[in-house]
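Enquirer: Quick check, what structure comes out for this input:
(one chain, ligands or ions: 1)
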Amino acid sequence: MTAPVPTTVSAVTCLGCGCLCDDIEVRVAGGRIVEAGNACRLGVRWFGDGSTPELALVQGARATLDGALAAVRRLLTDAQGAALVYLAPDATSEAQRRAVAIADRYGAAVDGATSDVALGGILAGQRRGRAASTLGEIRNRADVVLFWACDPAERYPRYRSRYAVDPVGAQVPAGRAGRTLLGVSVGAARAPSDADVPLTLAPEQETAALGALRALVLGTALGELPPALTPLADLAERLKRGRYVALVLDGEPGAQDNPSRVEGLIALTQALNTPTRAALSTLRAGGNRSGAEAVLSWQTGYPAAVDFAAGYPTYGPERRGIVRAARGEIAGALVVGSVAAMPADHLAALRGVRIAAIGPRASASPLGCEVVLDTAIAGIHEAGTAYRLDDVPLPLRPPLRGRRSLADTLAMLLAGAAQ
Ligand code: SF4
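Expert: Numbers count the residues shown, from 1 in each chain. All right, here's what the predicted structure looks like:
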């Protein structure tokens with residue numbers, strides 16, 4: 001028997017992290033991915049070989065698609081008033097839009113995979129505004145890059161080579177040699193080890209340091225700084241001398257042990273826009289998490305923590321769906337997307353809740369679901385749109401085809417729901 005001849009699909013988009021690298025060269029042979037060229041180690045792991053189960057189960061027994069969808073509708077109807085639609089990773093924005101429409105139909109709350117920490121950044125942005133930019137702008141303009149308590153090498157491996165600090169940019173023709181890399185480590189949250197100007201702070205110094213930096217940038221007289229903070233004067237000067245400054249922080253769960261970090265960095269970025277031009281770049285994990293916020297914003301006017309129980313969308317960050325689930329206030333939940341990519345505390349909050357899961361590898365869910373429908377993975381088998389960490393939407397060119405579409409399955413669920 002001859003081995004299958006590999007074919008190559010170019011310009012595939014990786015959802016392994018929020019960088020959404022769209023230059024992946026995927027080689028396919030015999031219906032399996034055999035190589036993901038240009039992908040980093042996380043991307044190679046995210047693509048895998050592209051194999052997924054294709055089951056439809058109700059109470060653990062095989063079911064037809066129609067039977068499984070009818071069971072999901074019954075579960076959501078029974079839970080009306082105490083229902084949750086959970087947006088898990090690895091769904092296209094087309095699928096997310098239909099999931100939000102289902103929540104609207106059944107009067108459910110909507111919550112998602114990064115609501116805990118990402119919501120902190122969203123709320124800070126709502127209070128203060130935000131000076132942001134696209135990654136293309138950072139690549140082409142930023143001559144000073146400050147990584148604050150994060151090293152993208154670990155969770156966003158190609159951020160440096162594609163956007164900052166390594167590539168050549170239109171206004172930075174010398175690439176890395178033309179950029180100054182500043183790195184502030186906070187306790188165990190390390191900045192890149194090759195920073196041109198490294199600085200290490202103790203966690204209890206961080207909030208004061210952010211306030212002092214802002215004051216120094218604005219030229220406010222501070223008096224004498226404590227010895228541990230005196231290097232901030234040099235750091236502030238280097239920031240002010242930049243033609244375009246990019247400040248980078250990690251916006252994902254586990255990354256922000258100081259809840260005031262994001263607010264302090266937003267304020268510092270805004271202050272820097274007086275003497276120079278600056279933008280804050282927030283690193284986000286993969287699976288189209290930013291897309292969930294974009295879809296909710298255009299569908300409801302709110303980026304997260306939405307509830308349709310009143311018959312119209314309301315916004316309640318303090319009583320969002322996963323918080324209510326942890327309090328025992330949710331009777332039934334529809335998880336849309338990859339259950340395996342949900343945070344452990346969200347899985348724990350949903351234990352004891354009646355659950356239907358529709359998404360990639362749903363049948364491998366540890367949640368003990370009443371209904372399970374395996375579907376395609378966004379970007380691997382399903383076309384559509386996903387949002388990069390800078391909120392730029394990108395098209396998905398799946399290298400494999402022929403799996404049950406998540407977006408189409410949700411459209412069928414919605415079409416059969418009582419009006
Ligand atoms: S950096 Fe992120 S998006 Fe790019 S290949 Fe690696 S995991 Fe995929």
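Enquirer: At the contact with the ligand, which residues of the protein appear?
Expert: Applying CB under 6 Å from any ligand atom, one finds that the chain approaches the ligand through 14, 16-17, 19-21, 39-40, 42-43, 46, 156-158. For every residue, glycine as well, the C-beta is placed using N, CA and C.
Enquirer: Now the buried members of the residues you listed.
Expert: In these, burial by neighbour count holds for 14, 16-17, 19-21, 39-40, 42-43, 46, 156-158, counting by 16 or more other CB atoms under 10 Å.
Enquirer: What is the lowest-mean-pLDDT helix or strand in the chain packed up against?
Expert: Ranking every helix and strand in the chain by mean pLDDT, DSSP states H and E puts helix 115-128 at the bottom, with a mean of 78. Helix 115-128 sits against helix 261-272, helix 289-300, with contacts defined as 3 or more CB pairs under 8 Å, 6 or more residues apart in numbering; DSSP states H and E.
Enquirer: just how off-centre is the following helix or strand past it within its chain?
Expert: Next along the chain after helix 115-128, taking DSSP states H and E as the criterion, comes helix 135-141. Put simply, helix 135-141 sits 20 Å off its chain's centre (CA atoms, centre = their mean, to the nearest Å).
Enquirer: Report all helices and strands that helix 135-141 contacts.
Expert: strand 277-283.
Enquirer: which residues are in contact with stretch 157-165?
Expert: 17, 19, 21, 40-43, 135-136, 138-139, 142, 145, 152-153, 166-167, 176, 179, 181, 192, 246, 248, 281, 283 (CB atoms under 8 Å, 6 or more residues apart in numbering).
Enquirer: just stretch 187-203 next, same as before
Expert: 147-153, 160, 180-186, 209, 228, 231-232, 234-235, 238, 250, 255, 257-258.
Enquirer: if we can go back for a sec, okay if I get the helices and strands packed on helix 115-128 as JSON lines plus mean pLDDT?
Expert: Shown next, in JSON lines, are the helices and strands packed on helix 115-128 (pLDDT from 0 to 100):
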{"stretch": "helix 261-272", "mean pLDDT": "95"}
{"stretch": "helix 289-300", "mean pLDDT": "94"}
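Enquirer: Tabulate those in JSON lines, adding columns for mean neighbour count and distance to residue 76.
Expert: Formatted as JSON lines, the helices and strands packed on helix 115-128 follow (neighbours: other CB atoms under 10 Å; distance: least, CB to CB, whole Å):
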{"stretch": "helix 261-272", "mean neighbour count": "23", "distance to residue 76": "35"}
{"stretch": "helix 289-300", "mean neighbour count": "23", "distance to residue 76": "18"}
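Enquirer: if I look at whichever residue of the stretch 251-400 of the chain sits closest to the ligand, how far off is residue 42?
Expert: Residue nearest to the ligand within the stretch 251-400 of the chain: residue 286 (6.2 Å; CB to the nearest ligand atom). Note on residue 286: its distance to residue 42, by CB to CB, to the nearest Å, is 8 Å.
Enquirer: again, but for residue 245
Expert: Distance from residue 245 to residue 42, by CB to CB: 27 Å.
Enquirer: wait, doesn't residue 29 sit right on residue 5?
Expert: Yes: using CB atoms under 8 Å, residue 29 is in contact with residue 5, at 7.0 Å.
Enquirer: of those two, who's got more company?
Expert: residue 29 (14 against 7; other CB atoms under 10 Å).
Enquirer: Skipping its backbone neighbours, what lies nearest the more buried one in space?
Expert: residue 6 (4.1 Å; CB to CB, 6 or more residues apart in numbering).
Enquirer: Return the residues in contact with the one you found.
Expert: 27-29, 34-35.
Enquirer: swap in residue 204?
Expert: Applying CB under 8 Å, 6+ apart, no residues contact residue 204.
Enquirer: count of residues packed around the closest residue to residue 205 other than its chain neighbours?
Expert: Leaving out its chain neighbours, the residue that sits closest to residue 205 by CB to CB, 6+ apart is residue 228, at 6.0 Å. Neighbours of residue 228 under the rule other CB under 10 Å: 14.
Enquirer: mind giving me the domain split of the protein?
Expert: 53-114+287-382+400-415, 118-283 (automatic domain parsing).
Enquirer: deepest of those, which one?
Expert: domain 53-114+287-382+400-415 (a mean of 21; mean count of other CB atoms under 10 Å).
Enquirer: now do the same end-to-end measure for that one.
Expert: 25 Å (CA to CA, to the nearest Å).
Enquirer: Chain neighbours aside, what residue packs nearest to the residue nearest the centre of the chain?
Expert: What sits nearest the mean C-alpha location of the chain, by CA atoms, centre = their mean, is residue 289, with 3.4 Å. Nearest-residue entry for residue 289: residue 114, 5.0 Å, with adjacent residues in sequence omitted and distances by CB to CB, 6+ apart.
Enquirer: ok, now how distant is that neighbour from residue 350?
Expert: Taking CB to CB, one finds residue 114 at 16 Å from residue 350.
Enquirer: Tell me which of the contacts of stretch 187-203 fall in helices.
Expert: Among the contacts of stretch 187-203, the ones falling in helices (DSSP state H) are 152-153, 160, 209, 231-232, 234-235, 238.
Enquirer: Throw those residues into a markdown table and include pLDDT, thanks.
Expert: Below are the ones in helices among the contacts of stretch 187-203 laid out as a markdown table (pLDDT from 0 to 100):
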| residue | pLDDT |
| --- | --- |
| 152 | 96 |
| 153 | 95 |
| 160 | 97 |
| 209 | 96 |
| 231 | 94 |
| 232 | 95 |
| 234 | 95 |
| 235 | 97 |
| 238 | 97 |
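Enquirer: of those, closest to the ligand?
Expert: residue 152 (8.4 Å).
Enquirer: residue ranges with poor pLDDT in this structure?
Expert: Within the chain, the segments meeting pLDDT under 70 span 1-2, 117, 253-256, 419.
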